[in-house]
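Colleague: coordinates only, no sequence provided:
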């Protein structure tokens with residue numbers, strides 16, 4: 001299967017337009033049509049309806065495979081380039097919004113740094129494809145348990161911090177005066193679904209046996225301030241690391257005492273970092289703990 005044809009197909013399916021795909025890819029519309037026809041001939045199945053442009057059942061199944069395959073190819077290209085080239089100056093760090101603790105910020109070089117705050121799933125992709133030198137991901141875990149990464153490329157992860165988690169409640173909430181909370185007692189509460197900012201509801205469900213925690217509102221963004229304002233206004237609860245949940249006007253941060261879970265932060269990198277990236281990794285992960 002030709003990856004160039006596959007990339008054309010994914011672009012057409014995403015944009016639902018042959019002409020828009022041609023414009024984005026820098027091809028003629030005729031060339032895009034030829035790519036799709038060649039891929040359909042190779043696979044022996046129609047992949048797209050034409051009016052409207054949409055994946056067929058076979059095309060939808062191909063999409064499930066195509067994006068991970070193309071990501072792997074991009075990751076392989078970036079990995080080879082990293083190995084062959086001298087380390088680039090400066091440091092580009094991709095990070096989930098609640099992964100940037102004070103110790104991490106203090107370890108950043110004084111100059112030449114780009115910090116890109118993004119969704120959790122996008123962090124390992126950025127590292128794998130070479131658009132970031134190092135990544136920081138975080139999530140809910142049992143103490144000392146590693147986080148689960150999407151399988152985008154061979155990446156190295158190192159745990160660098162664990163801390164308490166808190167439920168962010170409006171200060172008028174009936175549970176706001178509690179000293180501690182059980183997650184299971186909140187399974188039927190109103191929650192804010194903010195997968196790139198709060199600790200994801202999927203992780204809360206997993207900690208609660210796979211049920212509960214239905215969202216009342218979804219926030220698609222990475223601004224912790226917006227999320228905490230939504231919680232303060234009573235739109236739902238959010239689970240956050242204690243450092244992000246405390247001191248928010250109009251709210252109370254109540255620790256989770258059962259089950260025993262922590263907010264875990266991990267460093268993510270590919271291959272052997274060099275230059276400023278290597279210095280940053282050395283500050284956060286002593287060599288003795290990397291063996």
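Modeller: Yep, it's here. Here the structure is a predicted model, which is why all the values come from computation and not from measurement.
Colleague: after the lengthiest helix in the chain, which helix or strand is next?
Modeller: Among the elements of type helix in the chain, defined by DSSP state H, the one spanning the most residues is helix 57-84. Where DSSP states H and E defines the elements, the next helix or strand beyond helix 57-84 is strand 91-95.
Colleague: buried ones in the helix or strand that that following strand is followed by?
Modeller: On the C-terminal side of strand 91-95, the closest following helix or strand by DSSP H and E is helix 102-107. Buried residues in helix 102-107, defined by neighbour count with 16 or more other C-beta atoms under 10 Å: residue 104. No exception for glycine: its C-beta is placed from N, CA and C like everyone else's.
Colleague: what helices or strands is the next helix or strand after helix 102-107 leaning on?
Modeller: Using DSSP H and E, the next helix or strand after helix 102-107 towards the C-terminus is strand 113-117. For strand 113-117, the packing partners by 3 or more C-beta pairs under 8 Å, 6 or more residues apart in numbering; DSSP states H and E come out as strand 91-95.
Colleague: below-threshold pLDDT in the stretch 51-200 of the chain: ranges please.
Modeller: 82-88 (pLDDT under 70).
Colleague: can you show me the strands along the chain?
Modeller: Under the criterion DSSP state E, the chain contains strands at 48-50, 53-55, 91-95, 113-117, 134-141, 156-163, 165-170, 181-182, 191-193, 215-218, 238-241, 251-258, 262-269.
Colleague: can you say which of those is packed in most?
Modeller: When the strands of the chain are scored by mean count of other C-beta atoms under 10 Å, the highest mean neighbour count falls to strand 238-241 (a mean of 26).
Colleague: that strand: partners in the sheet, and parallel or antiparallel?
Modeller: Sheet pairing for strand 238-241, assigned by DSSP bridges, gives strand 165-170 (antiparallel).
Colleague: contact partners of the partner strand?
Modeller: Contacts of strand 165-170 with the rest of the structure, by C-beta atoms under 8 Å, 6 or more residues apart in numbering, involve 140, 175-176, 181, 186, 199, 228, 231-234, 237-242, 245-246, 248, 250-256, 261-263.
Colleague: cool, stretch 205-215 as well?
Modeller: Residues outside stretch 205-215 that contact it (C-beta under 8 Å, 6+ apart): 140, 183-184, 186-188, 191-193, 201, 204, 236, 259, 261.
Colleague: show me what contacts the nearest residue to residue 42 once chain neighbours are set aside?
Modeller: For residue 42, ignoring the flanking residues on the chain, the nearest one in space by C-beta to C-beta, 6 or more residues apart in numbering is residue 1 at 6.4 Å. Contacts were defined as C-beta under 8 Å, 6+ apart; by that measure residue 1 touches 39, 42, 43.
Colleague: now, of these, which are buried?
Modeller: For the contacts of residue 1, a burial check counting by 16+ other C-beta under 10 Å picks out residue 39.
Colleague: ok, so of the contacts of residue 1, who is nearest residue 25?
Modeller: Nearest to residue 25, judged by C-beta to C-beta, of these is residue 39 at 14.0 Å.
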